[in-house]
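1. dropping a prediction and its sequence here:
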Amino acid sequence: MKPDLAKHELLKFRLRHEKKLTLSEIAKRLNIKPGSVTAVSQGYRRSRRVEQALADALDTSPEELFPDRKYERKKS
C-alpha cells in the first residue's frame, strides 16, 4: 500500500478537533499498540478492525473514510 501522510494528518486533526480523541485513545479501546493504529491511518498496513474503529469514532464508514481502499461486502 502507498502511504498517504496528508490523509493521516487530516484524520488526526478531525479526531482531535471534532471528537477530542487521539490515535492512542483509539488504540487503547482496541487493546493494541498506538503504532498499529498509526500504521493503518498512514496507509502502511490494513486492518478492517482498526479502519472500522477510526470510522466509528468519526461517525462514518470505512468506505467513506478510506475511499481508496477496497472493501468486500459483508454477506447477509
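-> Received, thanks. Note that the coordinates shown come from a computational prediction; the quantities given were computed from them, not determined experimentally. Residues are numbered from 1 along each chain as shown.
2. so what does the biggest helix by length in the chain touch, helix or strand wise?
-> Longest helix of the chain, by residue count under DSSP state H: helix 5-19. Helices and strands touching helix 5-19, by 3 or more CB pairs under 8 Å, 6 or more residues apart in numbering; DSSP states H and E, are helix 23-30, helix 34-42, helix 48-57. In this view, the C-beta of every residue, glycine as well, is placed from N, C-alpha and C.
3. nearest to residue 11, of the ones you listed?
-> helix 34-42 (5.2 Å; CB to CB).
4. contacts for that closest one?
-> 3-5, 7-8, 11-12, 23-24, 26-27, 30, 45-47, 50-51, 53-54 (CB atoms under 8 Å, 6 or more residues apart in numbering).
5. pick the most buried one from the helices and strands packed on helix 5-19.
-> Among those, helix 34-42 has the highest mean neighbour count (mean count of other CB atoms under 10 Å), at a mean of 19.
6. run the chain-centre distance for that one.
-> Using CA atoms, centre = their mean, to the nearest Å, the mean C-alpha position of helix 34-42 is found 8 Å from that of the whole chain.
7. what does stretch 22-42 give?
-> 8 Å.
8. what do you get for stretch 65-72?
-> Using CA atoms, centre = their mean, the offset of stretch 65-72 from its chain centre is 11 Å.
9. repeat for stretch 17-30
-> For stretch 17-30, the distance to the chain centre is 10 Å (CA atoms, centre = their mean).
10. and it, how far apart are its ends?
-> 21 Å (CA to CA, to the nearest Å).
11. give me the residues contacting that stretch.
-> So stretch 17-30 is in contact with 12, 15-16, 33-34, 36-38, 41, 49-50, 53-54, 57-58, going by CB under 8 Å, 6+ apart.
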